[in-house]
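Asks: what's the 3D shape of this:
(chains A and B)
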2 protein chains.
Amino acid sequence: MRNDTHLTTPTRFVEANGVRYAYRRFGPEEGTPLVFLSHFRAGLDHWDPLVTDGLAGGRPVILFNNAGVASSSGEPADTIDASADHVARFVRALGLQAVDVFVRALGLQAVDVLGFSIGGYVAQSVILRYPELVRRLVLVGTAPRNGELANDPRIPAVAANPVPTLEDFLFLFFTPSAASQAAGKAFWQRRHQRKDADPPSSPPAMKAQSAAIAEWREPRGERYSALRAISQPTLVVNGNNDIMVPAINSFTLCQHIPNAQLIIYPDSGHGALFQYPDLFVAHTTIFLDS
Amino acid sequence: MRNDTHLTTPTRFVEANGVRYAYRRFGPEEGTPLVFLSHFRAGLDHWDPLVTDGLAGGRPVILFNNAGVASSSGEPADTIDASADHVARFVRALGLQAVDVFVRALGLQAVDVLGFSIGGYVAQSVILRYPELVRRLVLVGTAPRNGELANDPRIPAVAANPVPTLEDFLFLFFTPSAASQAAGKAFWQRRHQRKDADPPSSPPAMKAQSAAIAEWREPRGERYSALRAISQPTLVVNGNNDIMVPAINSFTLCQHIPNAQLIIYPDSGHGALFQYPDLFVAHTTIFLDS
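Replies: Numbering: from 1, shown residues only, chains lettered A, B, ... in the order given. Here you go, the predicted structure:
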């Protein structure tokens, strides 16, 4: 895997509890793997090679499709917590807990988790339900349970467009500025370089994820109080003008997670990590290596 | 100056409009100088050598006492705008505009400005009143005009203590956590290493600065609208738990300054840059060099 990259590494599969989870792994063999949890309906091809290869320069990178999403088999989860249970099964199925017996003996955690958008909801649930599995957390363009909602009435229809277009993506993930739109087009080019594309997520997968998002928006106990239980170092990242998941949610995360650093990028939206891939890699590397 | 450091560089003076401004300069001769504007009542010794020497690794660093503050002569300004006028006179008196004729010919700006707390108010006024003087802006532990106020009733008396103590500083600039308090004590040690200390600011200087802070808290036009005129790249930094200048003000700055990046550090207060000096230098270096 050492010589593999975002574009060349094969799609692999691992089975657990009757689900065949699709994933890709690249970067060095050694080190704490960074598991990527993707956005609504996204599969293995929906990341930025500059981000994944950039971070794979210093650690193993694992891209992952949750159950029923894109090339993974199984019933798609219709709650965030059930999605998190699949992540835990996947991490254990890969045997990541056993990679380094010294790490295990010290009680240290198995993986770092980077969750983007709904993947960030899942990442929060993973760390709350399986704290022993996670060393460090990166939350991008995401929100806590019962966070502040987007209010642009165009979003639901565009996000559910049966075949997503470049225009949809430029609207949902980037700001209207010329610089952000140009960065979005450049990202779109990078994203489509791979030839053996992961299949798109099915309508049932999108329906289940939509139900999971709706459930995550409901309150559960005192607002934001669950975040106090996240003891791992956390990096929260967003664009300053995210029409999908308003940036105030990222400020809220850094106010309630005890050890959270917040970085917000200028003139950018939900896809800030794709607009500033080099800066995002630099900041995330400093965070993961510190 | 190339071999000078925070601890060894002499205090220098430059005169303009009848004021003898005290400053210290170290780091390389070439490059855009970074001018430091300090917190309430602070003089040349109130920075962290790890921060100033760290940033002086890549650019000239200039520490500055505004008129009437510590070792600078003159009447202390009782508005933020008047303080900003002094900064502009000082920068021009140093001839920084003329250091590089090519830079001047291109219409580029003369200095980068790092403003901390009230120094951040002054930095905003400098960039709004003298945009031609400033290339990049770093705002730390600060707030826009008419921002959100602190609400701990103990702060005014402690901040005005005639002889500031370590305990005052640990309360005002750090959080109650053991890690933050330990970082505060380590900073206090670093801060007091210099032997030829700058004199403390006089009661009239503190009174004038208090009046300037009070005036900055008043509205002027539509709330936060002035920030839209800051076109230079800006880095906004704060601790997540700043009892002096609440961190929501930093979020507000990044929402209204068109090209602002925000970084908030965990478990830290007003003195976040002194709690995480290495991280602050790394992040600020990436910002200033990008």
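
Asks: which parts of the stretch 151-290 of chain A sit against chain B?
Replies: A:233-234, A:240, A:247-248, A:251, A:254-255, A:257-267, A:279, A:282-283, A:286, A:290 (Cβ under 8 Å from any Cβ of the partner chain). Using the backbone N, CA and C atoms, a C-beta is placed for each residue, glycine as well.

Asks: got a ChimeraX select line for the buried ones in those residues?
Replies: To isolate the buried members of these in ChimeraX, using 16 or more other Cβ atoms under 10 Å in any protein chain shown:
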select /A:233,234,240,247,248,251,254,255,257,258,259,260,261,262,263,264,265,266,267,279,282,283,286
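
Asks: tell me the SS of the nearest residue in space to A:Asn65 that is not next to it in sequence?
Replies: Excluding its sequence neighbours, the residue lying closest to A:Asn65 (Cβ to Cβ, 6 or more residues apart in numbering or on different chains) is A:Ser72, at 4.0 Å. What DSSP: H, G, I helix; E, B strand; the rest coil gives for A:Ser72 is coil.

Asks: ok, A:Ser72 to A:Arg24 distance?
Replies: 12 Å (Cβ to Cβ, to the nearest Å).

Asks: quick one: the helices in the stretch 51-200 of chain A, in order.
Replies: A:80-93, A:101-105, A:118-129, A:155-159, A:166-173, A:178-191 (DSSP state H, counting those that start in this stretch).

Asks: lowest mean pLDDT across these, which one is that?
Replies: Ranked by mean pLDDT, the helices of the stretch 51-200 of chain A end with helix A:101-105 at the bottom, a mean of 58.

Asks: pick out the residue of the stretch 51-200 of chain A closest to chain B.
Replies: A:Ser177 (9.0 Å; Cβ to the nearest Cβ).

Asks: who are the contact partners of A:Arg92?
Replies: A:Arg92 makes contact with A:16, A:133, according to Cβ atoms under 8 Å, 6 or more residues apart in numbering or on different chains.

Asks: center of chain A - which residue?
Replies: A:Gly115 (2.6 Å; Cα atoms, centre = their mean).

Asks: pLDDT-wise, which helix or strand of chain A ranks last?
Replies: Ranked by mean pLDDT, DSSP states H and E, the weakest helix or strand in chain A is helix A:101-105, scoring a mean of 58.

Asks: before we move on, the earlier item: how many residues are close by the residue of the stretch 51-200 of chain A closest to chain B?
Replies: 15 (other Cβ atoms under 10 Å in any protein chain shown).

Asks: show me the contacts for it.
Replies: Counting by Cβ under 8 Å, 6+ apart, A:Ser177 has contacts A:Asp267.

Asks: export the helices of the stretch 51-200 of chain A to a markdown table and append columns for distance to B:Asp4.
Replies: Listed next are these as a markdown table, based on distance: least, Cβ to Cβ, whole Å:
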| stretch | distance to B:Asp4 |
| --- | --- |
| helix A:80-93 | 52 |
| helix A:101-105 | 45 |
| helix A:118-129 | 46 |
| helix A:155-159 | 55 |
| helix A:166-173 | 48 |
| helix A:178-191 | 39 |
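
Asks: deepest of those, which one?
Replies: helix A:118-129 (a mean of 25; mean count of other Cβ atoms under 10 Å in any protein chain shown).

Asks: angle of that one against helix A:80-93?
Replies: 70 degrees (axes from the mean of the first three to the mean of the last three Cα atoms, to 10 degrees).

Asks: give me the contact list for helix A:118-129.
Replies: Taking Cβ under 8 Å, 6+ apart as the rule, helix A:118-129 contacts A:36-40, A:42, A:66, A:80-81, A:83-85, A:87-88, A:113-115, A:133-134, A:137-145, A:209, A:212-213, A:216, A:226-227, A:229-230, A:232.

Asks: so where do the strands sit in chain A?
Replies: A:12-16, A:19-26, A:34-37, A:61-64, A:111-116, A:134-140, A:234-239, A:260-265 (DSSP state E).

Asks: looking at the ones you listed, which is closest to B:Lys195?
Replies: Among those, the nearest to B:Lys195 by Cβ to Cβ is strand A:260-265 (35.9 Å).

Asks: I'd like the mean pLDDT over that closest one, please.
Replies: Mean pLDDT, computed over strand A:260-265, is 98.

Asks: partners of that strand in the sheet?
Replies: strand A:234-239 (parallel), strand B:260-265 (antiparallel) (DSSP bridges).

Asks: now those strands as a markdown table including distance to A:Arg129?
Replies: As requested, these are arranged in a markdown table below (distance: least, Cβ to Cβ, whole Å):
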| stretch | distance to A:Arg129 |
| --- | --- |
| strand A:234-239 | 16 |
| strand B:260-265 | 27 |
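
Asks: tell me the most buried of the strands of chain A?
Replies: Note that of the strands of chain A, strand A:111-116 is the most buried (mean count of other Cβ under 10 Å), with a mean of 28.

Asks: list the contacts of the nearest residue to A:Arg220 once chain neighbours are set aside.
Replies: Spatial nearest neighbour of A:Arg220, chain neighbours left out: A:Arg145 (5.9 Å); criterion: Cβ to Cβ, 6+ apart. If a contact means Cβ under 8 Å, 6+ apart, then A:Arg145 has A:80, A:121, A:124, A:216-220, A:224, A:226 as its contacts.

Asks: between these, which is nearest chain B?
Replies: For those, the nearest to chain B is A:Tyr224 (13.6 Å; Cβ to the nearest Cβ).

Asks: which residues of the stretch 1-150 of chain A score low on pLDDT?
Replies: For the stretch 1-150 of chain A, applying pLDDT under 70 flags the ranges A:1-2, A:97-109.

Asks: go again using 50 as the cut-off
Replies: For the stretch 1-150 of chain A, the stretches flagged by pLDDT under 50 are A:98.

Asks: how about stretch A:48-59: buried residues?
Replies: Those would be A:48-56, A:58-59, for stretch A:48-59 by 16+ other Cβ under 10 Å.

Asks: nearest to A:Ile155 among these?
Replies: A:Asp48 (21.6 Å).

Asks: residues contacting the residue of the stretch 101-250 of chain A found nearest chain B?
Replies: Per Cβ to the nearest Cβ, A:Asn240 is where the stretch 101-250 of chain A lies closest to chain B, at 5.4 Å. With contacts defined as Cβ under 8 Å, 6+ apart, A:Asn240 is in contact with A:247, A:264-268, B:254-255, B:260, B:262.

Asks: for A:Phe280, what are its contacts?
Replies: So A:Phe280 contacts A:51, A:237, A:265, A:272-273 (Cβ under 8 Å, 6+ apart).

Asks: and the residues you listed, which is closest to A:Arg191?
Replies: A:Val51 (10.5 Å).

Asks: that closest one - nearest residue in space that isn't next to it in sequence?
Replies: A:Val51's closest residue in space is A:Pro277 (Cβ to Cβ, 6+ apart), at 4.9 Å.

Asks: hmm, the one you found is touching A:Gly54, no?
Replies: Yes: contact criterion Cβ atoms under 8 Å: A:Pro277 and A:Gly54 qualify, at 6.6 Å.

Asks: make sure the residue nearest to the centre of chain A is actually in contact with A:Val138.
Replies: Yes: applying Cβ under 8 Å, one finds A:Gly115 in contact with A:Val138, separated by 7.2 Å.

Asks: re the thing from before, most widely separated two among the contacts of A:Phe280?
Replies: A:Val51 and A:Tyr265 (13.1 Å).

Asks: if we can go back for a sec, how close does the residue nearest to A:Val51 get to A:Trp47?
Replies: A:Pro277 is 10 Å from A:Trp47, by Cβ to Cβ.

Asks: who's more crowded, the two?
Replies: Neighbour totals were compared for A:Pro277 and A:Trp47, and A:Trp47 leads with 26 against 22 (other Cβ under 10 Å).

Asks: hmm, the more buried one is touching A:His6, no?
Replies: Yes: counting by Cβ under 8 Å, A:His6 is a contact partner of A:Trp47 at 7.2 Å.

Asks: please give me every residue in contact with A:Val91.
Replies: Contacts of A:Val91 by Cβ under 8 Å, 6+ apart are A:35, A:97, A:110-111, A:133.

Asks: for the residues you listed, could you give me CSV that also reports distance to chain B?
Replies: Output for those, formatted as CSV (distance: Cβ to the nearest Cβ, whole Å):
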residue, distance to chain B
A:Val35, 22
A:Gln97, 27
A:Ala110, 23
A:Val111, 21
A:Leu133, 21
